[in-house]
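Student: Fold the following, please.
(chains A and B)
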Amino acid sequence: MRLRAHFAIVLAALLPAAAAAQDYPALAPIPNTTDPATLHAMAARREILERIRIGFHAETNGQWAQAAAEFARVIALDPAEPQGSTAYYDLGNARGALGEYPAAAKAYEASIARDSGFLAARANLVTVELLANDLPAARAAADAFVAAAPDSARALYAHGIAALRSNDAAAALHDFRALSSADPSYALAHYDIAIAEQQLARFDDAERELRTALALSPAYTRARIALGAVLLHEGKKDEARIAFDAAAAGTQDATLRNLAASLRDAIER
Amino acid sequence: MRLMFRFGRRLAFTAALALLTLASAGFARASIVALDAIANTPLQSSPIPALLGPINELGRNGWQCFPEQAAKSPGRHEAELPSDDGSP
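Tutor: Just a heads-up that it's a prediction; the model follows:
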């Protein structure tokens, strides 16, 4: 009986908090006009805000098709800023998550056309162009991103990846060295410097960077496999076999483990 | 008859040895080719960064717009860059 009374007290205490936590939309202003055009504009604005909220929650829950439909409808209503660039940005995210990269790129470009300072849209534009493997477009987008935000770590990283995949090792070295200078403990920056050095046929520099990456992150299997390949190129077969063996032993990823083991076995034959 | 049989055996043995030698040479050559291929394969860059998350109706200048902050940040953690944890 006493337990029930305690439970009722706790429940009563929690009820106001639960009510406060509910996400009610803001109250719409009461229209003080009967002009049809003004009323229509107010209704459209209300619909824009509500659909962005619904689309935002859909994206948060991974419901990409539903989100895309909501943002397409918002865009059809021709929203003012910042809702216009936001709707295009969120539409780009939904299209990108659905694997529709050209459509996503178009949406981000429309977002940037409405708000040229929109850095998140610039960042995601580079990502979808890279995912689409459209390297010239990715490089153009990355150039614009770096120009808009020269200190941004993401801009440097994305610019470097686009350069590496286009075999522009010099540009990639510049970006990843800048990232590494800002944060010397970032193992991936050392790894990508090594890839650029390998592209430039500077294998001793590549080896040094990969060893630095592995000192920072001993479980970095991809770096260990890359080290094995570089050592093999340098003619250090025994060291290469040890690197592949350590890579195979040190990863839970079945694909990487099989790759490392087959590389090790290729040396032993 | 016995002489013919002996000659046949010797011929078969020689042929088998020759085949084995050729096969070994082939394997060795294949192994060298495979090692060369490994050593000369262009290494893959680190991963493409993931898409930054959704933005609500307040827009990029809204209160705590994390995607815009991530795009702007000079720090790799805030920028949501790929990590080497668990091998990317």
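Student: Pull the contacting residues for the residue lying closest to A:Leu231 once chain neighbours are set aside.
Tutor: Nearest residue to A:Leu231, sequence neighbours excluded (CB to CB, 6 or more residues apart in numbering or on different chains): A:Ala240, at 3.9 Å. Every C-beta, even on glycine, is put in place using the N, C-alpha and C of the backbone. Counting by CB atoms under 8 Å, 6 or more residues apart in numbering or on different chains, A:Ala240 touches A:228-229, A:231-232, A:267.
Student: Helix or strand: which one has A:Ala240?
Tutor: Secondary structure assigned from DSSP states H and E places A:Ala240 in helix A:237-249.
Student: what distance separates that helix from the middle of the whole chain?
Tutor: 32 Å (CA atoms, centre = their mean, to the nearest Å).
Student: Pretty sure A:Ala169 sits against A:Asp192.
Tutor: No: contact between A:Ala169 and A:Asp192 fails when scored by CB atoms under 8 Å: they sit 10.2 Å apart.
Student: So if I had to pick from these two, which one is more boxed in?
Tutor: A:Asp192 (28 against 19; other CB atoms under 10 Å in any protein chain shown).
Student: Not counting its neighbours along the chain, what's nearest the more buried one?
Tutor: That would be A:Phe176: by CB to CB, 6+ apart, it lies 4.5 Å from A:Asp192.
Student: Any part of stretch A:145-164 near chain B?
Tutor: Yes: for a cut-off given as CB under 8 Å from any CB of the partner chain, stretch A:145-164 has contacts with chain B, namely A:149, A:151-155, A:157-158, A:161, A:164.
Student: elements contacting the helix or strand harbouring A:Thr212?
Tutor: Per DSSP H and E: A:Thr212 is located in helix A:203-216. Packed against helix A:203-216 by the contact rule (3 or more CB pairs under 8 Å, 6 or more residues apart in numbering or on different chains; DSSP states H and E) you find helix A:187-199, helix A:221-233.
Student: Other residues contacting it?
Tutor: With CB under 8 Å, 6+ apart as the criterion, helix A:203-216 contacts A:185-188, A:190-191, A:193-195, A:197-198, A:220, A:223-224, A:226-227, A:230-231, A:233-234, B:84.
Student: picking that back up, and the helix holding A:Ala240, average pLDDT?
Tutor: On average, the pLDDT along helix A:237-249 is 92.
Student: Residue of chain B nearest chain A, please.
Tutor: B:Gly59 (2.6 Å; CB to the nearest CB).
Student: Let's see the pLDDT reported for that residue.
Tutor: Reported pLDDT for B:Gly59: 91.
Student: same check, this time on B:Ala34
Tutor: 65.
Student: which residues does A:Ser152 contact?
Tutor: A:119, A:123, A:145-146, B:71-74, B:79.
Student: Name the member of these that has the highest neighbour count.
Tutor: A:Ala123 (30 neighbours).
Student: That residue: what secondary structure?
Tutor: helix (DSSP: H, G, I helix; E, B strand; the rest coil).
Student: A:Gly99: neighbour count?
Tutor: Counted with other CB under 10 Å, A:Gly99 comes out at 12.
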